[in-house]
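J.: When you get a sec, could you give me coordinates for this:
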Amino acid sequence: MDATVLIVDDEKNTREGLRLSLEDDFDVYIAADRAEAMEVLKNERVDVMLTDLRLGADDGMELIESALAMSHPPVVIMMTAYGSVDTAVEAMKRGAWHFVTKPLNLEALDLLIKRAIRSRNLEQENTSLKRQVEDRFALDRILGKSVAMQRVFETITQVAPTRATVLIEGESGTGKELVAHALHNLSGRPKAKLVIVHCAALSPQLLESELFGHEKGSFTGAMERRIGRFEQANGGTLFLDELGEIDSAIQVKLLRALGERTIERVGGNSTIKVDVRVIAATNKDLAGMVADGKFREDLYFRLNVVSIHMPPLRQRKDDIPVLANSFLKELARENNKPMREIGPETMQALADYDWPGNVRELRTAIEHGVVMGTGARMLVRHLPATLRGEVPAPTMHRPGRPALPGDLPFSTQSHSGALPLPADLSIEKMEIRFILEALQRTRQNRSEAAKLLDISRRTLQRKLKELKLADDTDDS
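T.: Here you go, the predicted model:
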């Protein structure tokens with residue numbers, strides 16, 4: 001495809017003469033004023049814009065600023081019969097690539113335009129290479145070769161360039177914030193801001209102000225206007241971490257912001273338009289919270305346009321060597337340690353552990369080993385006491401259910417109050433056993449039993465009816 005040149009001049013003879021001179025080498029468009037020029041720029045791909053300083057009632061300098069503000073700006077060459085050093089400097093300040101004076105040397109102008117196009121192409125190639133490096137880095141920060149993680153990578157790559165809202169679910173420590181960074185860096189707006197809000201760290205009133213801003217005097221202590229995170233992220237990405245912690249009032253305002261792309265500051269009456277891509281993360285079972293009436297269903301579906309589930313480390317143990325060796329290299333360098341490898345027995349100990357704290361806990365364990373080790377190899381004795389079996393591993397809260405004694409899956413041995421293991425290990429009878437034991441442990445509280453089983457209350461109700469454990473009318 002030939003390079004395209006837009007000639008902007010209010011003198012018809014000049015426009016036509018330049019077009020005749022340049023059209024053998026370029027696709028040429030012409031415009032008489034700023035309005036015509038902007039119309040061409042909006043509808044056509046323009047590589048070089050050659051514009052006069054004087055455009056009748058229009059200012060060529062203003063046209064430069066408007067053209068360079070477009071998503072795919074042209075290279076700008078300013079031409080004028082009123083050439084001076086001051087004018088040339090001002091044109092360069094406004095973003096012009098070069099400056100020529102009338103009368104024009106047509107041969108020199110042809111060469112200048114070709115130089116401008118080569119410069120543009122080189123800049124685009126550099127930008128593309130830089131973007132490729134940034135894109136690679138964005139995913140390289142999330143390590144894993146397991147099938148589960150390959151699915152995560154595929155989803156990130158597919159979804160990132162779109163405007164879709166994304167909900168990232170998974171236990172604490174699985175790397176949800178890294179996914180948010182990757183989605184932003186691989187989006188069409190990586191140079192814009194990624195603004196992060198940790199929802200659980202703020203009270204409802206402070207969170208409302210943090211998200212939407214407030215006007216001076218809107219509440220006690222509001223001494224001046226505050227711009228909220230939605231406005232700060234305008235044109236970029238807003239990452240809402242621990243979304244399951246927000247209360248119902250903020251859920252309503254968030255729903256409006258997502259649906260209408262507008263917000264109002266606390267204490268304000270003005271509607272503010274925002275162009276923000278929202279990514280949310282939670283370690284809670286939002287679907288279960290919806291079933292229990294603790295989270296708005298309409299907001300859940302607004303947020304859950306695309307869902308990315310981060311698998312716990314215990315379900316992707318193939319990734320432990322990759323993660324451990326990467327952490328070792330990084331942490332040995334940071335701590336100025338000579339450690340370079342993880343011994344086979346040590347790696348086996350890492351693989352045998354259940355990792356309730358997920359990748360975050362693994363990184364902490366490797367850091368402990370680096371700090372406690374003295375040689376080039378990490379040994380089992382360098383690991384934390386939990387991995388050596390000297391102290392019990394911590395019990396972590398898992399999404400959608402409380403940490404209860406004897407957490408599922410159930411032991412095959414009988415214990416106080418537990419049902420005996422049936423001789424018939426059919427799936428239906430095992431389901432019945434699991435459901436009855438969960439109800440027994442929670443004193444027939446179906447909401448708590450559903451959390452213990454890691455299913456929604458609605459699913460539990462259906463199972464009870466299917467397995468004839470409850471009457472159709474029994475919904476207590």
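
J.: Just the buried residues of whichever strand or helix holds L436, please?
T.: Using DSSP states H and E, L436 sits in helix 427-441. The neighbour-count criterion (16 or more other CB atoms under 10 Å) identifies 432-435, 437-439, 441 as the buried residues of helix 427-441. C-beta: built from backbone N, CA, C; applies to glycine.

J.: I'd like to know which elements it is packed against.
T.: Here helix 427-441 touches helix 446-453, helix 457-466, going by 3 or more CB pairs under 8 Å, 6 or more residues apart in numbering; DSSP states H and E.

J.: Tell me the helix or strand right after the helix or strand in which R118 is found.
T.: Element membership for R118 (DSSP H and E) is helix 106-140. Counting by DSSP H and E, the next helix or strand C-terminal to helix 106-140 is helix 147-159.

J.: How about the contacts made by the residue nearest to F26 when sequence neighbours are not counted?
T.: Closest residue to F26 apart from its sequence neighbours, by CB to CB, 6 or more residues apart in numbering: V5 at 4.5 Å. Contacts for V5 (CB atoms under 8 Å, 6 or more residues apart in numbering) come out as 22, 26-29, 46-50, 113.

J.: Can you turn the buried subset of those residues into a selection I can paste into PyMOL?
T.: Per 16+ other CB under 10 Å, the buried members of the contacts of V5 correspond to this PyMOL selection:
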select buried, resi 22+26+27+28+29+46+47+48+49+50+113
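
J.: pLDDT of the helix holding R118, averaged?
T.: Averaged over helix 106-140, pLDDT sits at 72.

J.: Repeat that for stretch 195-209.
T.: Taken as a whole, stretch 195-209 has an average pLDDT of 88.

J.: Now do the same for the residue most central in space within the chain: its pLDDT.
T.: Most central in the chain under CA atoms, centre = their mean is A180, positioned 2.8 Å from the mean C-alpha point. Looking at A180, its pLDDT is 94.

J.: go on, the one 3 residues further on?
T.: Listed pLDDT for L183 reads 93.

J.: helices and strands around the strand or helix carrying it, which ones?
T.: Using DSSP H and E, L183 sits within helix 176-185. Packing partners of helix 176-185 (3+ CB pairs under 8 Å, 6+ apart): helix 106-140, helix 147-159, strand 166-169, strand 194-198, strand 237-241, strand 277-282.

J.: and the ones you listed as a markdown table, adding distance to P73?
T.: Below are the helices and strands packed on helix 176-185 laid out as a markdown table (distance: least, CB to CB, whole Å):
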| stretch | distance to P73 |
| --- | --- |
| helix 106-140 | 10 |
| helix 147-159 | 28 |
| strand 166-169 | 30 |
| strand 194-198 | 24 |
| strand 237-241 | 23 |
| strand 277-282 | 23 |
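
J.: Find the residue ranges of the stretch 151-300 of the chain scoring beneath the pLDDT cut-off.
T.: Flagging of the stretch 151-300 of the chain using pLDDT under 70 yields the residue ranges 190.

J.: hmm, back to that, now do the helix holding L183: distance to the chain's middle.
T.: Chain-centre distance of helix 176-185: 4 Å, with CA atoms, centre = their mean, to the nearest Å.

J.: Mind listing what's buried along that helix?
T.: 176, 178-185.

J.: How about stretch 223-235?
T.: Those would be 226, 228-231, 233-234, for stretch 223-235 by 16+ other CB under 10 Å.

J.: end-to-end on it?
T.: Stretch 223-235 has an end-to-end distance of 28 Å (CA to CA, to the nearest Å).

J.: try stretch 275-285
T.: 28 Å.

J.: swap in stretch 62-75?
T.: End-to-end span of stretch 62-75 (CA to CA): 15 Å.

J.: Now flag whichever of the buried residues of stretch 223-235 is closest to V276.
T.: Nearest to V276 among the buried residues of stretch 223-235, counting by CB to CB, is A233 at 4.9 Å.

J.: and the closest one, what is it in contact with?
T.: Contacts for A233 (CB under 8 Å, 6+ apart) come out as 192-195, 274, 276.

J.: which two in those are spaced the farthest apart?
T.: Spatial extent of the contacts of A233 (CB to CB) is set by the pair L194 and V274 at 14.9 Å.

J.: F230: what secondary structure?
T.: Secondary structure for F230, judged by DSSP: H, G, I helix; E, B strand; the rest coil, is helix.

J.: so what's it up against?
T.: 211-213, 238, 257, 263, 274, 276.

J.: could you pull out the strands for the stretch 301-450 of the chain?
T.: All strands of the stretch 301-450 of the chain, identified by DSSP state E, counting those that start in this stretch, fall at 306-309, 341-342, 377-378.

J.: possible to save those strands as a markdown table with mean pLDDT and mean neighbour count?
T.: Output for those, formatted as a markdown table (pLDDT from 0 to 100; neighbours: other CB atoms under 10 Å):
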| stretch | mean pLDDT | mean neighbour count |
| --- | --- | --- |
| strand 306-309 | 95 | 17 |
| strand 341-342 | 96 | 20 |
| strand 377-378 | 96 | 20 |
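
J.: Now the ones you listed in a markdown table, please, with extra columns for distance to K463.
T.: Formatted as a markdown table, the strands of the stretch 301-450 of the chain follow (distance: least, CB to CB, whole Å):
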| stretch | distance to K463 |
| --- | --- |
| strand 306-309 | 22 |
| strand 341-342 | 44 |
| strand 377-378 | 46 |
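
J.: about what we covered before: from the buried residues of helix 176-185, pick the one nearest L464.
T.: Nearest to L464, judged by CB to CB, of those is K176 at 33.0 Å.

J.: right, and R256 touches T262 too?
T.: Yes. Between R256 and T262 there is a contact at 7.1 Å, judged by CB atoms under 8 Å.

J.: how about the strands of the stretch 301-450 of the chain, which one is nearest N358?
T.: strand 306-309 (13.1 Å).

J.: who touches that closest one?
T.: Against strand 306-309 from outside (CB under 8 Å, 6+ apart): 152, 155-156, 159, 164-170, 179.

J.: what about burial for those, which qualify?
T.: Looks like these have 152, 155-156, 159, 165-170, 179 buried, using 16+ other CB under 10 Å.

J.: and which of those is nearest to A222?
T.: Of all those, A222 sits closest to T165, with 29.7 Å by CB to CB.

J.: and that closest one, backbone torsions?
T.: Dihedral pair for T165: phi -70, psi 140, per degrees, to the nearest 10.

J.: ok, it touching R261?
T.: No. Applying CB under 8 Å, one finds T165 not in contact with R261, separated by 11.4 Å.

J.: quick revisit: could the contacts of F230 go into JSON lines alongside distance to L328 and neighbour count?
T.: JSON lines is the format used below for the contacts of F230 (distance: CB to CB, whole Å; neighbours: other CB atoms under 10 Å):
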{"residue": "L211", "distance to L328": "39", "neighbour count": "24"}
{"residue": "F212", "distance to L328": "44", "neighbour count": "25"}
{"residue": "G213", "distance to L328": "44", "neighbour count": "23"}
{"residue": "L238", "distance to L328": "35", "neighbour count": "25"}
{"residue": "A257", "distance to L328": "43", "neighbour count": "22"}
{"residue": "I263", "distance to L328": "45", "neighbour count": "23"}
{"residue": "V274", "distance to L328": "43", "neighbour count": "18"}
{"residue": "V276", "distance to L328": "38", "neighbour count": "24"}
